[in-house]
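Undergrad: Based on what follows, work out the 3D shape:
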Amino acid sequence: MGTTGLVIEFARTAGANGGIFKELIDRMEAAGGINRDVHLHCVYAIFDPELLKFIMQQMCEEAGVNILFHTFIEGAAMEDNTITGVIVVNKSGRQTLSSGVVIDCTGDGDVAVNAGADYRKGNDLTHSMQAMTLRIRIGGVNMLPVDWPEINARFEQERQKGINHFPEHVTKWLDAGGKGLHNERTFNLDMIMNADATNAWELSIAETEARKRVWEFISFAKNNIPGWENCYVIDTASHIGVRETRRIMGKYMLTEQEVRNAEKFSDGIARGSFGMDLHDPTEIAASPDPEDMEKHRKRTSPPPGEWYEIPYRCLIPVTVEAKPIQGLLTAGRCISADRRAGGSVRIMITCINTGQAAGIAAAESIRTKSPLDKLDGISLRLKLIQQQAEI
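TA: This next block holds a predicted model:
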């Protein structure tokens, strides 16, 4: 999402001061590609997405990773209840990549579902999912003083007239947008509601519609926002931003209450403190009242200065019968959590931290020839601490 998705801000959360993530941002800082001196409530740092691509590639090459681009996962290679690799398709055709352990970081849990994992998707009752956003970088902006409530009102008037096709609640979010590292502006406008990103047709339609809305917004900005008369699109994301699809059920499910209560676990392998951010028009976060938004953040976050922990057990997928799938772990936004807890887990820093934990667990499982579900979570936690992860 930080590269293909143009999400050029790391959200502010506990867990940012150690491990692979700290190595990444230290390298970015040394190359002049990140700014951590950001005075925004929910932004930890802004960065150059092109440099991020290169730094991550460097880190992978130095670690001996075999990089395989332009490849889709078709399915899981299974022997009974054990995953032995993944079936992929690319320019070379269909292949099976064998592995001692598979870590599903697809966001949508594609491998885990194909391997027979139990899962939940979106709202447990309606199955609707959070809005999708096609991120945009805008140049040519002179930041003159702007009466944003007035601009919001004009944007809503255009929506009512059918000039733009944004969801109604989006007009309440409109402000100056985020400032990029090179003084470009970005916007996080909810564009597409009620689409399922695990359906290829719906995903394609969503991205097509979102691109239309980018240009609707640019036309509006040129005509209505002072200082934006000559603004232009630098680029749009290569992939629409997807906030929510499947949550793979694991040996343990992190809950909303545990996020609120800053719950700690003996096998905690990552920490987080970002609020449970659901881009859903029914959420009070859509309110135009800044005081309401601040109250919402407090209600959906751990207490100030606190954090919750994610147990290792959330990374171990299970079947409908609650049996662990051998040789498989999840990391990122598809780990085992209820919907609201998932609204906090899904941000990039937390995803990176669960990925580091999954990597350590995979290596330990292969080294000791122990099943993943039999590994000692407390021991894994200690290994993370030895690697200077923030636990």
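
Undergrad: which one in this protein is furthest away from the centre?
TA: residue 161 (33.7 Å; CA atoms, centre = their mean).

Undergrad: what's the following helix or strand after the worst-scoring helix or strand of the chain on mean pLDDT?
TA: Counting by mean pLDDT, DSSP states H and E, the weakest-scoring helix or strand in the chain turns out to be helix 290-299, with a mean of 72. With elements assigned by DSSP states H and E, the helix or strand that comes after helix 290-299 is strand 308-311.

Undergrad: mean confidence for that following strand?
TA: What strand 308-311 shows for mean pLDDT is 98.

Undergrad: Next up, the contacts around residue 145.
TA: Each residue near residue 145 by CB atoms under 8 Å, 6 or more residues apart in numbering is listed here: residue 226. For every residue, glycine as well, the C-beta is placed using N, CA and C.

Undergrad: any idea of the pLDDT on it?
TA: pLDDT, the model's per-residue confidence, is 88 for residue 145.

Undergrad: so when I look at it, I'm seeing a strand, right?
TA: No - going by DSSP: H, G, I helix; E, B strand; the rest coil, the assignment for residue 145 is coil, not a strand.

Undergrad: if I look at residue 41, how far off is residue 297?
TA: Going from residue 41 to residue 297 by CB to CB, to the nearest Å gives 7 Å.

Undergrad: go on, residue 233?
TA: For residue 233 relative to residue 297 (CB to CB), the value is 31 Å.

Undergrad: now residue 17
TA: Counting by CB to CB - residue 17 and residue 297 are separated by 21 Å.

Undergrad: Who has more neighbours out of those two?
TA: Taking other CB atoms under 10 Å, residue 17 and residue 297 do not tie; residue 297 has more neighbours (16 against 11).

Undergrad: Skipping its backbone neighbours, what lies nearest the more buried one in space?
TA: In this structure, residue 297 finds its nearest non-sequential neighbour in residue 275, 5.0 Å apart by CB to CB, 6 or more residues apart in numbering.

Undergrad: how about residue 96, secondary structure?
TA: Going by three-state DSSP: residue 96 is strand.

Undergrad: what about it, neighbour count?
TA: Look at residue 96: counted by other CB under 10 Å, it has 14 neighbours.

Undergrad: Tell me which helix or strand residue 15 sits in.
TA: Take DSSP H and E as the rule and residue 15 turns out to sit in neither a helix nor a strand.

Undergrad: Surely the residue nearest to residue 297 is within a strand?
TA: No - assigned with three-state DSSP, residue 275 falls outside any strand and is coil.

Undergrad: Alright, calling it a day.
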